[in-house]
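Asker: Make a model of this:
(one chain, ligands or ions: 4)
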Amino acid sequence: MSANARVSQVLYQIGEVLTIKEDRFRSRAFNTAAQRIVSLTEDIRKIRDRGELQEIPGVGKGIAAVIEEVLETGGSKVLEELEASLPPGIREMMRLEGVGPKKAVRLQKALGIASIDDLEKAAKEGRVRGLKGFGERTEANILEAVGELRSRQDRFLLGAVLPVIEELKTYLAESDAVLAVEVAGSARRRRDTVGDLDVLVSSLSPEVVSERFVSMPPVARVLSHGSTRSTVVMENFLQVDLRVIPPESYGAALQYFTGSKDHNVKLRTIAVRAGYKLNEYGLFDRETDKSVAGENEGGIYRALGMDLMPPELRENRGEIEAAMEGKLPHLVTMEDIKGDFHIHSTWSEGTASIEAMAEKAMSLGLEYMAICDHTKSLYIANGLDEDRLRAQMKEIDRINGGLDGFTILKGTECDILSDGQMDLEDSVLGDLDFVVGSVHSAFRQDVDTMTDRILKAIHNENVDCIGHPTGRLIQKRRAYEVNLERVFEAAAEQGVMLEINAYPERLDLDDVNCRAAMEQGVTMVIGTDSHAPNHMEFMPLGVSVARRGWLEAENVANTLTLGEFWKLLARN
Ligand code: DGT
Ligand code: CA
Ligand code: CA
Ligand code: ZN
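Answerer: Ligands and ions are numbered 1, 2, ... in the order given. Okay, the predicted model is just below:
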């Protein structure tokens, strides 16, 4: 979206809320200004830079201030405050994707709807489609948005719970009564979102452990407190279950509560066929009831004729068969990772200098990182044009000159414009070490347009990688419509890599898609998309996605030494 389009969008939105609040005069002022700005032929940033915003007809002091803010931050406090002043029912409905103030008010006026629950009921009964401007499609979209919002409320991002898990394990392990502690369930399988935490402790003194558990500092509420089972809710609403288990069945409990459910169901079927009984207490001979295994997970899998598989694989996606044939993949690990391919700096929207980012990367033991700042069409992020990028390249050369054993790659996260053209001249792209192409606009293109757009970027000879290939933001924005099969095929054929973006709300490509890409022969690249030094610690999240996607070191470019990486680029 251009700066002009973004500014007028915000002004329209303000106008829309003002209409609802029946402030006709101001609403008209904002709408008029919005119209003026869409039809400007000059970039509004230039007018701003000259200090001439108020010379645009219809733009007074107040609106000029709003425009300044939008150009600066991408958003507007005035809009936020106006939205906050709307009735709660309207605001609640506006949390749904695709429902703005206008639609929300119509729903309330025409159908008396004052909450998301009301709206869901009305949509299910087919009462929404009859409203003017709504229709069947909108009704279906509303139902989908309701589902999405619900799932967003009861699951947590993996990136948000991993630090909690570390604290919790450390805290429990400090007790002498705790022989072993692990967080099982979806968190151990490293799913991208987690419903609740399933903590398992091996101990001979369950009461001591349970007491310590319910009196953990960030516990907000104790839902139940028994000697071997307790449940608490943390301050951030995360629910945590504790089970205390005697050492002889700790492995069985770990196996059972790690799941997934589908994995367990399949495993149990195999156990039964082999004459066993398998549950959270152990693996037992069905005739004699004698315990065969249970102290550790490996013993259970071994008794069933399988290699022990990493938790990330346990989704019943072929891992049981592979474990029986001794064909489990050798999954990539954090220790294999030598570089980070997606780092921002203050040159665009990062908070830290290139040097500070390099310092952090070195402290993490990396050998290289690629600076991939945004490009000019992403004006909100202060994207770089050709001249600034050339200046940045010089700056990186200078910094590299003073570094020993670490290299900064000159890269870009270049916008793939809506027609598939790259946002920068090929002559500049050709001089960079590493070119990532990303979609940051026109997300709602139909599947053919979006697919062609990305394929065009893949076929640009300067593009090395496609960043966050589906654009999804977990619980916030769906993936755009794109034919990934064709993307994978083209990427493999052109030797273009695909990113696993490790930023907690992206994790894009996801596990299933990166496995499909790998099977097509695509090399994956993990990038943290760091906007601050600490973000580089997201790398393990990206590695988790890769592991859940069955990737081995050879499928992931970050495992290459810099020398090997240059060779790969040259080959492609
Ligand atoms: P979540 O919490 O929704 O992110 O997902 P999980 O996988 O952590 O599921 P959760 O917390 O309901 O249960 C933990 C594990 O316990 C689950 O992964 C497998 C096991 N489990 C739970 N219910 C069943 C069941 O009905 N059958 C079997 N075989 N295993 C189950
Ligand atoms: Ca769980
Ligand atoms: Ca649970
Ligand atoms: Zn980025």
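Asker: number of nearby residues for Ile320?
Answerer: If you count neighbours by other Cβ atoms under 10 Å, Ile320 ends up with 20. C-betas here are computed from N, CA, C, even on glycine.
Asker: ok but it is inside a helix, no?
Answerer: Yes: according to DSSP: H, G, I helix; E, B strand; the rest coil, Ile320 belongs to a helix.
Asker: Which part of the stretch 151-300 of the chain gets nearest to ligand 1, residue-wise?
Answerer: For the stretch 151-300 of the chain and ligand 1, the shortest gap (Cβ to the nearest ligand atom) falls at Gly259, measuring 2.0 Å.
Asker: So that residue is in contact with Arg314, correct?
Answerer: Yes: counting by Cβ atoms under 8 Å, Gly259 sits close enough to Arg314 to count as a contact (6.5 Å).
Asker: What score does the residue of the stretch 151-300 of the chain closest to ligand 1 have for pLDDT?
Answerer: Note on Gly259: pLDDT of 97.
Asker: Tell me, how many residues neighbour it?
Answerer: Gly259: 21 surrounding residues under other Cβ under 10 Å.
Asker: same deal with the one 3 residues further on?
Answerer: Burial of Asp262, expressed as a neighbour count using other Cβ under 10 Å, amounts to 12.
Asker: tell me which element it falls in.
Answerer: Under the criterion of DSSP states H and E, Asp262 resides in helix 261-273.
Asker: wait, does that helix contact ligand 1?
Answerer: Yes: using Cβ under 6 Å from any ligand atom, helix 261-273 reaches ligand 1 at Lys261, Asn264, Val265.
Asker: Surely the second one touches Phe257?
Answerer: No: at 9.3 Å, Asn264 does not count as touching Phe257 under the criterion of Cβ under 8 Å.
Asker: does the closest residue to Phe284 other than its chain neighbours count as helix, strand or coil?
Answerer: Closest residue in space to Phe284, ignoring its immediate chain neighbours: Lys277 at 4.6 Å, by Cβ to Cβ, 6 or more residues apart in numbering. Three-state call for Lys277 (three-state DSSP): strand.
Asker: Got phi/psi on the residue of the stretch 151-300 of the chain closest to ligand 1?
Answerer: phi 70, psi -150 (degrees, to the nearest 10).
Asker: Please name the residues that touch it.
Answerer: For Gly259, the contact set (Cβ atoms under 8 Å, 6 or more residues apart in numbering) comprises Ala184, Gly185, Ser186, Arg189, Arg314.
Asker: cool, Val435 as well?
Answerer: Neighbouring residues of Val435 by Cβ under 8 Å, 6+ apart: Gly411, Thr412, Cys414, Leu429, Asn462, Val463, Asp464, Cys465.
Asker: farthest pair in those?
Answerer: Taking every pair in the contacts of Val435 and measuring Cβ to Cβ, the maximum separation is 12.2 Å, between Leu429 and Cys465.
Asker: Pull the contacting residues for the residue of the chain found nearest ligand 2.
Answerer: Closest residue of the chain to ligand 2, Cβ to the ion: Gly185 (3.1 Å). By Cβ under 8 Å, 6+ apart, Gly185 lies in contact with Val194, Gly195, Asp196, Leu197, Asp198, Phe257, Thr258, Gly259.
Asker: wait, does the helix or strand hosting the fifth one contact ligand 1?
Answerer: So the one you mean is Asp198. According to DSSP H and E, Asp198 maps onto strand 197-202. Yes: Strand 197-202 lies within reach of ligand 1 by Cβ under 6 Å from any ligand atom, at Asp198.
Asker: So what touches that strand?
Answerer: 161, 164-165, 168, 172, 178-185, 187, 209, 213, 238-247, 250, 253-254, 257.
Asker: now the strands for the stretch 1-150 of the chain?
Answerer: With strands called from DSSP state E, counting those that start in this stretch, the stretch 1-150 of the chain shows none.
Asker: excluding its backbone neighbours, what's nearest Ile142?
Answerer: Closest residue in space to Ile142, ignoring its immediate chain neighbours: Ala123 at 5.0 Å, by Cβ to Cβ, 6+ apart.
Asker: scratch that, Thr32 is what I was asking about
Answerer: Closest to Thr32 by Cβ to Cβ, 6+ apart is Gly58, at 4.5 Å.
Asker: Low-confidence bits of the chain, can you list those?
Answerer: Within the chain, the segments meeting pLDDT under 70 span 1, 151-153.
Asker: give me every residue that touches whatever residue of the stretch 351-500 of the chain ends up closest to ligand 4.
Answerer: Nearest residue of the stretch 351-500 of the chain to ligand 4 (Cβ to the ion) works out as Glu413 at 4.6 Å. Residues in contact with Glu413 (Cβ under 8 Å, 6+ apart) are His342, His344, Cys372, Asp373, His374, Thr375, Val436, Gly437, Ser438, Gly467.
Asker: what do you get for Leu417?
Answerer: For Leu417, the contact set (Cβ under 8 Å, 6+ apart) comprises Ser377, Asp423, Ser441.
Asker: that older thread, now rank the contacts of Val435 by neighbours and give me the top one.
Answerer: Cys414 (32 neighbours).
Asker: Identify all contacting residues around the longest helix along the chain.
Answerer: In the chain, taking DSSP state H as the definition, the longest helix is helix 135-154. The contact list for helix 135-154 (Cβ under 8 Å, 6+ apart) reads 95-99, 116, 119-120, 123-124, 126, 128-129, 195, 475-476, 478.
Asker: Of the contacts of Gly185, just the buried ones, ChimeraX syntax please.
Answerer: Buried residues among the contacts of Gly185 (16 or more other Cβ atoms under 10 Å), as a ChimeraX selection:
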select :194,196,197,198,257,258,259
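Asker: now the contacts of Gly185 as a markdown table including distance to ligand 2?
Answerer: Converted to a markdown table, the contacts of Gly185 look like this (distance: Cβ to the ion, whole Å):
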| residue | distance to ligand 2 |
| --- | --- |
| Val194 | 6 |
| Gly195 | 5 |
| Asp196 | 4 |
| Leu197 | 6 |
| Asp198 | 5 |
| Phe257 | 8 |
| Thr258 | 10 |
| Gly259 | 8 |
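Asker: between the contacts of Gly185, which is nearest ligand 4?
Answerer: Using Cβ to the ion, Val194 comes nearest to ligand 4 of the contacts of Gly185, at 24.7 Å.
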